[in-house]
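Trainee: dropping the sequence and predicted coords here.
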There are 4 protein chains.
Amino acid sequence: MEKIRIKEATVVYFEKPKLKEPVLIEGLPGVGNVGKLAAEHLIDEIKAKKFAEIYSTDFPPQVFVNADGTIRLVKNELYYKRSRKGKDLIILTGDFQGMSPKGQYILAEAVLDIAEEFGASMIYTLGGYGIGMEVEKPRVTGAATHPEIVEELKKYGVIFKGEEGGGIIGASGLLLGLGMLRGLRGACLMGETSGYIVDPNSAREVIKVLTKMLGIKISFARLDEKAEEVKKITDRIRNLEKTLAEKERKEDLRYIG
Amino acid sequence: MEKIRIKEATVVYFEKPKLKEPVLIEGLPGVGNVGKLAAEHLIDEIKAKKFAEIYSTDFPPQVFVNADGTIRLVKNELYYKRSRKGKDLIILTGDFQGMSPKGQYILAEAVLDIAEEFGASMIYTLGGYGIGMEVEKPRVTGAATHPEIVEELKKYGVIFKGEEGGGIIGASGLLLGLGMLRGLRGACLMGETSGYIVDPNSAREVIKVLTKMLGIKISFARLDEKAEEVKKITDRIRNLEKTLAEKERKEDLRYIG
Amino acid sequence: MEKIRIKEATVVYFEKPKLKEPVLIEGLPGVGNVGKLAAEHLIDEIKAKKFAEIYSTDFPPQVFVNADGTIRLVKNELYYKRSRKGKDLIILTGDFQGMSPKGQYILAEAVLDIAEEFGASMIYTLGGYGIGMEVEKPRVTGAATHPEIVEELKKYGVIFKGEEGGGIIGASGLLLGLGMLRGLRGACLMGETSGYIVDPNSAREVIKVLTKMLGIKISFARLDEKAEEVKKITDRIRNLEKTLAEKERKEDLRYIG
Amino acid sequence: MEKIRIKEATVVYFEKPKLKEPVLIEGLPGVGNVGKLAAEHLIDEIKAKKFAEIYSTDFPPQVFVNADGTIRLVKNELYYKRSRKGKDLIILTGDFQGMSPKGQYILAEAVLDIAEEFGASMIYTLGGYGIGMEVEKPRVTGAATHPEIVEELKKYGVIFKGEEGGGIIGASGLLLGLGMLRGLRGACLMGETSGYIVDPNSAREVIKVLTKMLGIKISFARLDEKAEEVKKITDRIRNLEKTLAEKERKEDLRYIG
């Protein structure tokens, strides 16, 4: 094993797969963890294979402890999946985004270097769009590098609010913005989410749009299960709050009556 | 298109215009957004042409979404305008200033490198001077690299308070301070402003002084319109506050009476 | 004396001892100061010899004043001890851990460089495991780079909670995580501690496990003394609090009665 | 004029004076501004001559505006004074210390490089020692690189508390700590001060000790004047507070009576 010294962006390859014009898909932690949930679901369902890891001095200086007591350094991961009919895929997910602005830029440039090395010229970045309240039926909002991609996304039900001035912060924005400077094309798909809780419900809508666009058929059962679990927890909390509020109201009455 | 990797200050040229002893004008976001409003107004009115963009790992890791759903990476921009009678102009504006002290220094040095490359030896930096309360008729206060420029500015109604110890923070200060170390000359024009709200009213006074000094004639109608809009909004807020205060006063009386 | 200019990790050697397959032991300041107390106790008891110091621009810009009025720059220290029967030891302790994530990574890489230079392939990192309440009998929890080390640690009474997702932050985690990327093996021993106070009691349990594993016999008397001192102080505080609470209760009664 | 681009520590020389074994004296902003006040007083009284300026990307990105409306970039300054009888002096003062730990280290190394270039082997750093309450007669506490310097300082009335563990943060500590690694000698003189207000009274005691040690005779009249001014201001504040407290007490009585 070759010795590695971690820098701002250190890529460790397990394999250098030959891919034909792959599409790069990014889903890292962020608002509602929507992007990461979506990317991980896709990786699981299409059985994508890990081919590289990215370490960074801009990630927290930390290891995670696995269930069996072993540890692993925090990192990002790159998977690939060859496709018979459609496009080959490279999928980026991981534990953290860079912690400083500079680290974010350097990590995004490193990912774009990889994308270009494997011949990718199209990037989809996945994320959550925080709207500050619970969403029963989250819509997918979009942004893209080129007007014709905007038009294409609209056909798949992606919403564009037509207002100037929104911003996309972090890897989902930077990969597209920096990619444009290299002549790459791309789009960001953002599932509406409260922003208060991990949201598999929103992730499902995002991955539904993405897979439809890529012509991939996958099951959403696991995301449905996760969404069901999250719903149970939030319902329980809501009931607890109601009970407490009721109890307080009764006690208030006692004082008065 | 050449591939670009963003560093602390990465300049991307669209054109390298031949200019004769241009004056560099800076108006970046700051107190009351006065500098940016003033610079953007000037660019629009004299129809200056963009010739370069500056990207930086010290800007927020962010893209903006345009009204049509396309995105663009946050940046600074450089415009130029050739003049038949007066001086040629280079105008710097943008989305952000550098976020760290070091980034501020590096970006300012990069801008000065550009200024020198195009033969500029005079710099005007534009900004707001926060005074903590609303100003009906904002005055323009100044500071300069050389005493004779101070005297020149006074002729155009620029105020000098004659007190030791004030400071100018950010690009408006650094471009002059670092410029001095290279033998460049310059002045900072700061419009008085409350510091609480975007202030086109203050920006108009700043750009009035600047254009008079440069011998340029432009319309201020658009800044007047913007100032009118801001006034309407602040008036509406003030009325709302009054109504609310009145209502509270009446309710208080009811409890007492 | 050679002139030294401090960088992110500057190692100053007093001696380059010949060691045979030494074990690296790390105990730096952290939760309950458990790791540092444990490492310092070991150094004292086995009379380990200092052979190097590490300075860093990522340590606080600070000197400490000794009891005799002289000063010393903040630093980390490396000690060694040759063993007739068991393994040779290298022990790392010090005043601070790196203050930034990047500094933590660079310092850990520097320590691993030293470990490898002297032929170490096994690392024990020592720390505290904060549980938010006082612990009468602190247990030692563990984490390791390889499953077989986990099994080995269990034989010595080290606890593994079998839950996904815990994290080890700082040098104790990084040395193992970065070490793995170089093919090194290691384990982290964490003594349970409240996290609110310096905890020699917890440090004793950690060093007991470590010395048993290494086949070293040492006295724990000094740690027992320190634990006794800390207990006296916390008891005194607890009594003071009780007295105050009692006094307040009585005064409350007076108001009511 | 040579063109300058500011880095973490950029030294601009006006002159390279020939000095014989000069003593380096540092007085930068810090607790009670004691060090800076003391250094500036010495510079004024002995009419030391500025020979260099230090700029840094680790200083705030800021210019100061002078009373005449001109500006100057924030910086540190180096002065020298040749002595017929005693030692030649180099004096360091300035607007700021470095803002980050790393910047502090780099700036201190740069100052030590200068000290060595001019043949200095002894450093005195000046500062305040915050004790959290007003001091009528501030004492001067000390710390030094070598025990014999501690003994020497005691002869001049410098206090050593004989307790382990105090720390000296910033340039006053680093210059000595980093200097030791280069074989330089030095001492820190810290005037007791409340830590709440600029303290010329404390600065006078520090500079008294220093000049006595260096065999320099200067007037303290200007520091006495400054101390008098500060005393007037604090007295006025104290009287205002008293009056207010009295008034409140009377109003309280009215409510009760």
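Mentor: All right, it came through fine.

Trainee: for the residue in the stretch 151-257 of chain A that chain C sits nearest to, give me its contacts.
Mentor: Nearest residue of the stretch 151-257 of chain A to chain C: A:V198, at 13.4 Å (C-beta to the nearest C-beta). Just so you know, the C-beta spots here come from the backbone N, C-alpha and C atoms, and that holds for glycine as well. The neighbourhood of A:V198, defined by C-beta atoms under 8 Å, 6 or more residues apart in numbering or on different chains, consists of A:G32, A:N33, A:L37, A:V230.

Trainee: Three-state assignment for the second one, please.
Mentor: Per DSSP: H, G, I helix; E, B strand; the rest coil, the secondary structure class of A:N33 is helix.

Trainee: what number of residues are in the vicinity of it?
Mentor: Counted by other C-beta atoms under 10 Å in any protein chain shown, the residues lying close to A:N33 total 21.

Trainee: ok, back up a step: got CSV for the contacts of A:V198, with pLDDT too?
Mentor: Output for the contacts of A:V198, formatted as CSV (pLDDT from 0 to 100):
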residue, pLDDT
A:G32, 96
A:N33, 97
A:L37, 98
A:V230, 93
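
Trainee: helices of the stretch 151-257 of chain A, start to end?
Mentor: Counting by DSSP state H, counting those that start in this stretch, the stretch 151-257 of chain A has helices at residues A:171-181, A:200-214, A:221-256.

Trainee: do the first one and chain B meet?
Mentor: Yep, that's helix A:171-181 we're talking about. Yes. Shown here: helix A:171-181 in contact with chain B (C-beta under 8 Å from any C-beta of the partner chain) through A:A171, A:G173, A:L174, A:L176, A:G177, A:L178, A:M180, A:L181.

Trainee: what helices or strands is that helix leaning on?
Mentor: strand A:23-26, helix A:101-117, strand A:122-130, strand A:185-193, strand B:62-65, strand B:71-73 (3 or more C-beta pairs under 8 Å, 6 or more residues apart in numbering or on different chains; DSSP states H and E).

Trainee: shouldn't A:E26 be in contact with A:S172?
Mentor: Yes. With contact defined as C-beta atoms under 8 Å, A:E26 counts as touching A:S172 (6.4 Å).

Trainee: overlap in contacts of these two?
Mentor: With C-beta under 8 Å, 6+ apart, A:E26 and A:S172 have common neighbours A:G35, A:T125, A:L126.

Trainee: got a quick PyMOL command for the buried subset of those residues?
Mentor: In PyMOL syntax, the buried subset of the shared contacts of A:E26 and A:S172 is picked out as below (16 or more other C-beta atoms under 10 Å in any protein chain shown):
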select buried, chain A and resi 35+125+126
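
Trainee: next, format the helices and strands packed on helix A:171-181 as CSV and append distance to B:L223.
Mentor: Output for the helices and strands packed on helix A:171-181, formatted as CSV (distance: least, C-beta to C-beta, whole Å):
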stretch, distance to B:L223
strand A:23-26, 42
helix A:101-117, 32
strand A:122-130, 34
strand A:185-193, 35
strand B:62-65, 23
strand B:71-73, 25
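
Trainee: redo the ones you listed as CSV? Include distance to chain D and mean pLDDT.
Mentor: Below are the helices and strands packed on helix A:171-181 laid out as CSV (distance: least, C-beta to the nearest C-beta, whole Å; pLDDT from 0 to 100):
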stretch, distance to chain D, mean pLDDT
strand A:23-26, 32, 98
helix A:101-117, 14, 97
strand A:122-130, 32, 97
strand A:185-193, 33, 97
strand B:62-65, 21, 97
strand B:71-73, 23, 97
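
Trainee: for chain C, find the nearest of those.
Mentor: Of all those, helix A:101-117 comes closest under C-beta to the nearest C-beta, at 8.4 Å.
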